[in-house]
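> Structure for the following, please:
(one chain, ligands or ions: 1)
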Amino acid sequence: MPPSPNPAAAAEIHLHAPPSTDPPAAEALIRLAGVTVALGGRPVLHGVDLAVAPGEILTVLGPNGSGKSTLLRTLIGAVRPARGTVWRRPGLRLGYVPQRLAIDATMPLTVDRFLSLPVRRPRADKAAALAEVGLGALGRRQLTELSGGQFQRVLLARALLGRPEVLLLDEPTQALDQPGTAQFYRLIADIRARLGCAVVMVSHDLHVVMSASDRVICVNGHICCEGTPAVVSSAPEYRALFGLGTAGALALYRHAHDHGHDHAHDHGHDHTHDHAHDHAREAPRSRAAAPEETP
Ligand SMILES: Nc1ncnc2c1ncn2[C@@H]1O[C@H](COP(=O)(O)OP(=O)(O)OP(=O)(O)O)[C@@H](O)[C@H]1O
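Have a look, this model is predicted:
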């Protein structure tokens, strides 16, 4: 049985940090409170409070080695925290795509058979999952014959077979080029709209993430800032980690999301302009680093 949440511990943590944008406790599908994780005797994550709401797209950003994969593995229960509580709604269905999946390239394995590993699945379910990710015709194809983008979609189809309420994707676009990455995020948005599942994904694609997420958290051993993509990209903690290079992406994000054009003239040229009326005037929500904890 999962450990029950500890409201007292959560309240204590918020004494030291501004309120987060986490959903109200009653709505959460997964909730971490005061979570510290140590691997190989070393603290990797400390003082993490996080809740995942139904249907949201939550993106996890952070430098290499900052604990993003560990956070996902903690959310699914593959890693046990040294301190704090992890709560999942009873019976919650999870779909997880790991960062790496070692497949022997010499082993003959069709897409269809792969989808029945490790759990045998009805043929109709597999066909439906492949159709869901736009690969309806590829069931008999060998895995070794797939492109990087197709393989990623097959992994996604496999995660969808359990009809997840939360889909967790660890750097799903790392092998894809920019158009492939943008296409993949569009697919994720479609799947969220069709299935209504929450999506938690680790990404390094700062530019694309700006328009693909409802909420972003920036991890660096702890959650150092969080909020809407526009808010996070203006946070000093984020800029200290990633620099100012996402200004263009932010302009694009605002341009695409904030307004309909009321100037009727045809520009006749391709540009992006940063309109001043962005909707994210609120201050970024920073989270102070929790003091180092000993497990
Ligand atoms: N099994 C393990 N044993 C010991 N240390 C580990 C283990 N797995 C990960 N670590 C360490 O924990 C830290 C966080 O790793 P993690 O994979 O969560 O980071 P990440 O942010 O996902 O990194 P990347 O962006 O490079 O994938 C790293 O310093 C890593 O070396």
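
> how close does the residue sitting nearest the centre point of the chain sit to Asp49?
Nearest to the mean C-alpha position of the chain, counting by Cα atoms, centre = their mean, stands Met201 at 1.7 Å. Separation of Met201 from Asp49 (Cβ to Cβ, to the nearest Å) stands at 19 Å. Yep, even glycine has a C-beta here, placed from its N, CA and C like the rest.

> interface residues of the chain facing the ligand?
Contact residues, the chain versus the ligand (Cβ under 6 Å from any ligand atom): Leu39, Gly40, Val44, Gly62, Asn64, Gly65, Ser66, Gly67, Lys68, Ser69, Thr70, Gln99.

> so which of those residues is the most crowded?
For the residues of the chain next to the ligand, counting by other Cβ atoms under 10 Å, the largest number of neighbours falls to Lys68: 26 neighbours.

> What backbone torsions are found at that one?
Main-chain torsions, Lys68, degrees, to the nearest 10: phi -70, psi -50.

> Go ahead and confirm it touches Val60.
Yes: counting by Cβ atoms under 8 Å, Lys68 touches Val60, with 5.0 Å between them.

> Phe114 and Ala157 touch, don't they?
No: between Phe114 and Ala157 no contact is recorded; they are 9.4 Å apart, counting by Cβ under 8 Å.

> Of those two, which one has the most company?
For Phe114 versus Ala157, neighbours defined as other Cβ under 10 Å are more numerous around Ala157 (26 against 20).

> Quick check, pLDDT for the closest residue to Phe151 other than its chain neighbours.
Among residues not flanking Phe151 along the chain, Leu143 sits closest, at 6.9 Å (Cβ to Cβ, 6 or more residues apart in numbering). According to the prediction, Leu143 has pLDDT 90.

> ditto for Pro291
Value for Pro291, per-residue pLDDT: 37.

> after the longest helix anywhere in the chain, next one along is what?
Of all the elements of type helix in the chain, the one with the most residues (DSSP state H) is helix 178-195. Using DSSP states H and E, the helix or strand that directly follows helix 178-195 along the chain is strand 198-202.

> Which neighbouring elements make contact with that next one?
Contact here means 3 or more Cβ pairs under 8 Å, 6 or more residues apart in numbering; DSSP states H and E; on that basis strand 198-202 packs against strand 57-61, helix 68-76, strand 166-170, helix 178-195.

> Present the ones you listed as a markdown table; the columns should include mean pLDDT and distance to Glu237.
What follows is the helices and strands packed on strand 198-202, written out as a markdown table (pLDDT from 0 to 100; distance: least, Cβ to Cβ, whole Å):
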| stretch | mean pLDDT | distance to Glu237 |
| --- | --- | --- |
| strand 57-61 | 94 | 11 |
| helix 68-76 | 96 | 15 |
| strand 166-170 | 96 | 22 |
| helix 178-195 | 90 | 24 |
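
> what would those look like in TSV with distance to Thr110?
What follows is the helices and strands packed on strand 198-202, written out as TSV (distance: least, Cβ to Cβ, whole Å):
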stretch	distance to Thr110
strand 57-61	31
helix 68-76	27
strand 166-170	23
helix 178-195	22
